[in-house]
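Chemist: Need coordinates for the below:
(2 chains)
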Number of protein chains: 2
Amino acid sequence: MRLVSSPDITSAVSRLAGRIVRTPLVESPRLGDSLGLRVLLKAENLQHTGSFKVRGVLNALLARRARGELPAGVATFSAGNHAAATAFGGRALGLPVVVCMPPGAVVTKVEAVRRYGGEIIFTDDLLGTCQSVARERGYAILHPFDDPDVIAGQATVGAELLHQAAEVTPPVDELPPAEPAREPAPVDVVLVPVGGGGLISGVAAAVRAASPSTRVVGVEPVTANAMTYALRLGTPTPLPQRPVSLADGLAAPFAGVHTLAHVRELVDEVVEVPEEAIRPAWWELLDSGKLLVEPSAAVGLAALRHGLVRTRPGETVALVLSGGNVAPASLAGLG
Amino acid sequence: MRLVSSPDITSAVSRLAGRIVRTPLVESPRLGDSLGLRVLLKAENLQHTGSFKVRGVLNALLARRARGELPAGVATFSAGNHAAATAFGGRALGLPVVVCMPPGAVVTKVEAVRRYGGEIIFTDDLLGTCQSVARERGYAILHPFDDPDVIAGQATVGAELLHQAAEVTPPVDELPPAEPAREPAPVDVVLVPVGGGGLISGVAAAVRAASPSTRVVGVEPVTANAMTYALRLGTPTPLPQRPVSLADGLAAPFAGVHTLAHVRELVDEVVEVPEEAIRPAWWELLDSGKLLVEPSAAVGLAALRHGLVRTRPGETVALVLSGGNVAPASLAGLG
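Modeler: Predicted coordinates for the structure are as follows:
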């Protein structure tokens, strides 16, 4: 299977320029100090629609338009962030959008779909309903992750991150000399949340191409481990039990054919964090990192805190904070 | 009185380069949409020590060192953010630091001073105690705001903000053309929280110098309005009642001689927000803006929400989010 390559990523970066937020890469000296690492946070919670998903959707729609394949409308299925991103992307290109969502979808994410004018069908049979709707209306299905154009769009997170890492102010506990050496700071490890695998596939493709020595590690909750399951069985396979996790954005019931291929080929390792590790990490990103993220975005920090990622003291670790679509009222009583 | 000028600001920018976080200027499409404005957030909550205060402290200490005036130690007085910043700055230059804090100081801020190795004296007589300690130990007093070097350091917030505004992705509800026009985006209004006035003095100096048509508006709680009081009486005068506000960082009991002069000369207007407007704005920055700030940082949004700032639809408004030192547990039950 052909993997997403450098030219695909370059095209995506250029298609998306000026159309997405170049989200900041923020160093957190407090998290870094307490972990004995240099910690960089790629804040996709500040992205349009509140998650990285717009990158994949916009790239896919723009690439199809460039190939003369723009459909009459778009149907998709998602518990949340891809749904909102598709509504946003459809509105931007003037396409009607239908999203099939599970009845238990997080309210913040349902509201986001409506905010961007998407039509919602609540159903337990996400894929089946989506296929019927697409057939009836003559719409194309936009897969939330298992699509090379979507993966190339998500790759722009990795491309930006590496570029920005060279610009980030180094930590200054002691003042550096007045003219600090301006070497580009290497990133030793990138930690990426894994649901269906679109984000990590793209990020790994970008990182492998631009910085081969950087390790790319995927993190998924043990309670929603579709990628680990696919890696173990050698093929994308529906999880035996419906995944339920505080990290609702990672609860994909299966990995993809394309994403599994990328992960096998390009990713160093996928680790599983215990469910109970997610909430404290989420809280820590708020308390010490000063960023409101959704629980899915906190699995990377959870993995570090649980010693699941091999690091050497002082290494630079970038955490991809995948999204911020969470109702802060749900924070009440935590801490 | 000589005001902080362009060369002072240029020197400060150059002294601080690589020593502070170049905090991101983040566009918030959600806040912008709901206000009918373009809203940019200057995220000083992501600064070292969690507030803009390190800029003024480091600039003051480095400027004194350059002039051969570095003292044996530093004494200061502050309810919080300046205290932590002085501890940080002292540690960076190898100077002992004593901070006089009120017994009711916010715990997060007390902890921050200790984190950076500062010695704390709790006292109700901040200025008197600070003067005694400085005399006894031969330390110099670093005023939290009424010092030209401190003001020049805070000015770097304004200089950065204007520079970054030209880089920020424009909002894309409709997709722009593939090659968007790359004109620098002007900032129509900058909203700055006002306590003793150091931040707004610096920001106004930087903005007046680089972008004369940009309005600079100060915002203080009506419950902690030392600057409005000084403007009304024509001279810095202790408030008749001890200021108490959710925006604890703005509760300076008096403005400064230098800061009053800057505000009179360079600031378009200082508005007062009702105390009850602060909490909802703080919440909105978390819920929609995805940033954890301290309540002081939310007064600008509170002023917009209360119609206290004249804006035209579609104008670009930059909010200086002055800090993030708040215990998120205090958020519990809000919303």
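Chemist: Quick check, the residue in chain A closest to chain B?
Modeler: residue A:24 (3.4 Å; Cβ to the nearest Cβ). Using the backbone N, CA and C atoms, a C-beta is placed for each residue, glycine as well.
Chemist: so that residue sits right up against residue B:26, yeah?
Modeler: Yes - Residue A:24 is within contact range of residue B:26, at 6.5 Å (criterion: Cβ atoms under 8 Å).
Chemist: Touching both of the two, which residues are there?
Modeler: A:46, B:43 (Cβ atoms under 8 Å, 6 or more residues apart in numbering or on different chains).
Chemist: tell me what the helix ranked longest in chain A is packed against?
Modeler: Ranked by residue count, the top helix of chain A under DSSP state H comes out as helix A:148-165. Packed against helix A:148-165 by the contact rule (3 or more Cβ pairs under 8 Å, 6 or more residues apart in numbering or on different chains; DSSP states H and E) you find helix A:6-16, strand A:25-27, strand A:38-43, helix A:53-66, helix A:198-210, helix A:257-266, strand A:316-321.
Chemist: now do 6 Å
Modeler: helix A:6-16, helix A:53-66, helix A:198-210 (3 or more Cβ pairs under 6 Å, 6 or more residues apart in numbering or on different chains; DSSP states H and E).
Chemist: Could you export these to a markdown table, including columns for mean pLDDT?
Modeler: Putting the helices and strands packed on helix A:148-165 into a markdown table (pLDDT from 0 to 100) gives the following:
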| stretch | mean pLDDT |
| --- | --- |
| helix A:6-16 | 97 |
| helix A:53-66 | 98 |
| helix A:198-210 | 97 |
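Chemist: For residue A:252, what are phi and psi?
Modeler: Taking degrees, to the nearest 10, you get phi -70, psi 140 for the backbone angles of residue A:252.
Chemist: where does chain A have low pLDDT?
Modeler: Low-confidence segments of chain A (pLDDT under 70): A:168-185, A:331-335.
Chemist: tell me the domain boundaries of it?
Modeler: Chain A breaks down into these domains under automatic domain parsing: A:6-52+A:147-331, A:53-141.
Chemist: who wins for proximity to residue B:330 among the ones you listed?
Modeler: domain A:6-52+A:147-331 (10.9 Å; Cβ to Cβ).
Chemist: what about that closest one, distance to the chain center?
Modeler: Centre-to-centre, domain A:6-52+A:147-331 and its host chain are 7 Å apart (Cα atoms, centre = their mean, to the nearest Å).
Chemist: Ok, stretch A:94-113 next?
Modeler: So, by Cα atoms, centre = their mean, the centroid of stretch A:94-113 is 18 Å from its chain's centroid.
Chemist: Output that stretch as PDB - backbone C-alpha positions only.
Modeler: Provided in PDB are the C-alpha atoms of stretch A:94-113 (Å, rounded to 0.1, in the frame of the first residue of the first chain):
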ATOM      1  CA  GLY A  94     -20.700  25.300  -0.100                       C
ATOM      2  CA  LEU A  95     -21.500  21.600   0.200                       C
ATOM      3  CA  PRO A  96     -24.300  20.100   2.300                       C
ATOM      4  CA  VAL A  97     -23.100  17.800   5.100                       C
ATOM      5  CA  VAL A  98     -24.900  15.000   6.800                       C
ATOM      6  CA  VAL A  99     -23.300  13.500   9.900                       C
ATOM      7  CA  CYS A 100     -24.300  10.200  11.500                       C
ATOM      8  CA  MET A 101     -23.600  10.400  15.300                       C
ATOM      9  CA  PRO A 102     -24.200   8.000  18.100                       C
ATOM     10  CA  PRO A 103     -27.100   9.000  20.500                       C
ATOM     11  CA  GLY A 104     -24.500   9.300  23.300                       C
ATOM     12  CA  ALA A 105     -22.300  11.800  21.600                       C
ATOM     13  CA  VAL A 106     -20.800  14.500  23.800                       C
ATOM     14  CA  VAL A 107     -23.100  17.600  23.800                       C
ATOM     15  CA  THR A 108     -20.300  20.000  23.100                       C
ATOM     16  CA  LYS A 109     -19.600  18.100  19.900                       C
ATOM     17  CA  VAL A 110     -23.200  17.900  18.800                       C
ATOM     18  CA  GLU A 111     -23.500  21.700  19.300                       C
ATOM     19  CA  ALA A 112     -20.400  22.300  17.200                       C
ATOM     20  CA  VAL A 113     -21.900  20.400  14.300                       C
END
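Chemist: what's in contact with it?
Modeler: Stretch A:94-113 has contacts (Cβ atoms under 6 Å, 6 or more residues apart in numbering or on different chains) with A:73-77, A:79-80, A:83-84, A:86-87, A:90, A:118-123, A:126, A:129-130, A:133, A:248, A:325, A:327.
Chemist: Buried ones from those, can you make that a PyMOL selection?
Modeler: The PyMOL selection below is limited to those of the contacts of stretch A:94-113 classed as buried (16 or more other Cβ atoms under 10 Å in any protein chain shown):
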select buried, chain A and resi 73+74+75+76+77+79+80+83+84+86+87+90+118+119+120+123+126+129+130+133+248+325
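Chemist: If anything else comes up later, I'll come back, but that's it for now.
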